[in-house]
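In: Coordinates for the following, if possible.
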Amino acid sequence: MKTTTCLLACALVPLLGACASTTSRLDSRFGESTAILQAQQTADPGAPLRNRDRMVTGFEARTASLAVDRYYRSFEKPPRPVNIFNIGVGQR
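Out: Purely as a prediction, here's the structure:
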C-alpha cells in the first residue's frame with residue numbers, strides 16, 4: 001500500500017509543473033519588436049509635434065476636394081463580382 005501511494009505521488013508531481021504559468025515572461029515583452037521596428041523606420045520622430053500648426057502646401061484645394069469626392073463615391077456601389085472560374089484561362 002505504501003509503495004502504490006509513493007508511486008502515485010511520484011507520477012503526480014510532474015503534472016503539477018503543467019499548472020505553472022509561463023505567459024508572464026512572454027507578456028512582459030509583448031509588442032516590443034513592433035515598437036522597435038517603428039522607431040527604426042521613423043526618420044524624424046518629432047516632426048508631427050513641430051509641424052502641427054503648419055499648412056500643407058503644394059496640394060491644390062480643388063484637386064484635394066475632387067480626390068475626397070472620388071473616394072466617397074467609390075463606396076456608393078459595390079464592386080462587380082469576379083468570376084473565379086475563368087481566371088488565367090486563355091492567357092499565355
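In: which SSE is P14 in?
Out: According to DSSP states H and E, P14 maps onto helix 2-17.
In: who's in contact with stretch 40-56?
Out: Here stretch 40-56 makes contact (Cβ atoms under 8 Å, 6 or more residues apart in numbering) with A39. For every residue, glycine as well, the C-beta is placed using N, CA and C.
In: let's see 10 Å
Out: Stretch 40-56 is contacted from outside by 38-39, 64, using Cβ atoms under 10 Å, 6 or more residues apart in numbering.
In: Following element in sequence after the helix or strand of the chain with the lowest mean pLDDT, please.
Out: In the chain, no helix or strand scores lower on mean pLDDT, DSSP states H and E than helix 23-27, which sits at a mean of 72. Downstream of helix 23-27, the next assigned helix or strand under DSSP H and E is helix 32-41.
In: follow-up on the earlier one: got the contacts of stretch 40-56 as TSV, with neighbour count and pLDDT columns?
Out: TSV is the format used below for the contacts of stretch 40-56 (neighbours: other Cβ atoms under 10 Å; pLDDT from 0 to 100):
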residue	neighbour count	pLDDT
Q38	10	90
A39	9	88
A64	11	87
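In: Reformat those residues as TSV; add distance to T4.
Out: As requested, those are arranged in TSV below (distance: Cβ to Cβ, whole Å):
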residue	distance to T4
Q38	59
A39	60
A64	82
